[in-house]
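Student: how would this look folded up:
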Amino acid sequence: MPADLAALIFCALLAALCVFQFALALGAPLGRFAWGGGHDRLPRGLRIGSLVSIGIYALLGAIALERAGVVRVLADPAIATIGMWVIAAYLGLGVAMNAISRSKPERYTMTPLALALCGLALVIALSPTP
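Tutor: Numbers count the residues shown, from 1 in each chain. You can find the predicted model right below:
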């Protein structure tokens, strides 16, 4: 798969997660799918965490697009190269954390999503420098 296509799919999945996290931050009763699944509606602290997650997802997407050569926003391309490996490792940890969640809805929904994101991150990280 070409890195630019992987980056666009990666960003589309992150955009869907942003919508989900924003819904959680607004109080949607979807908490069983996130943050360990211990709350139907998230408490204030986790709602703030959902908003912070949106910013993190935006940063991940920007790094992926930069690494794939879709955009140029960083002064040094090495930042995107290293960043993509850090993202892949972070998402690999996310796969493990979601897989051991006590919440079945979170485990069965977010584990495959985290695995897909991790795989796409690896494709982008392993791609030749554009």
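
Student: Could you use CA atoms for every contact and neighbour count after this?
Tutor: Fine.

Student: and stretch 45-58, what's its mean pLDDT?
Tutor: The pLDDT scores in stretch 45-58 average 97.

Student: Give me the contact list for that stretch.
Tutor: Applying CA atoms under 8 Å, 6 or more residues apart in numbering, the contact partners of stretch 45-58 are 14-15, 17-18, 21-22, 24-27, 35.

Student: Could you tell me which of those residues are located in helices?
Tutor: Among the contacts of stretch 45-58, the ones falling in helices (DSSP state H) are 14-15, 17-18, 21-22, 24-25.

Student: just those residues now: which is nearest Ala88?
Tutor: Relative to Ala88, the closest of these is Leu14; by CA to CA it sits at 13.7 Å.

Student: The closest one: neighbour count?
Tutor: By other CA atoms under 10 Å, 20 other residues sit near Leu14.

Student: mind checking how far stretch 22-33 is from the chain centre?
Tutor: Distance of stretch 22-33 from its chain centroid, counting by CA atoms, centre = their mean, to the nearest Å, is 17 Å.

Student: Can you list the helices and strands that the helix or strand containing Phe10 packs against?
Tutor: In this assignment (DSSP states H and E), Phe10 forms part of helix 3-25. For helix 3-25, the packing partners by 3 or more CA pairs under 8 Å, 6 or more residues apart in numbering; DSSP states H and E come out as helix 44-67, helix 104-126.
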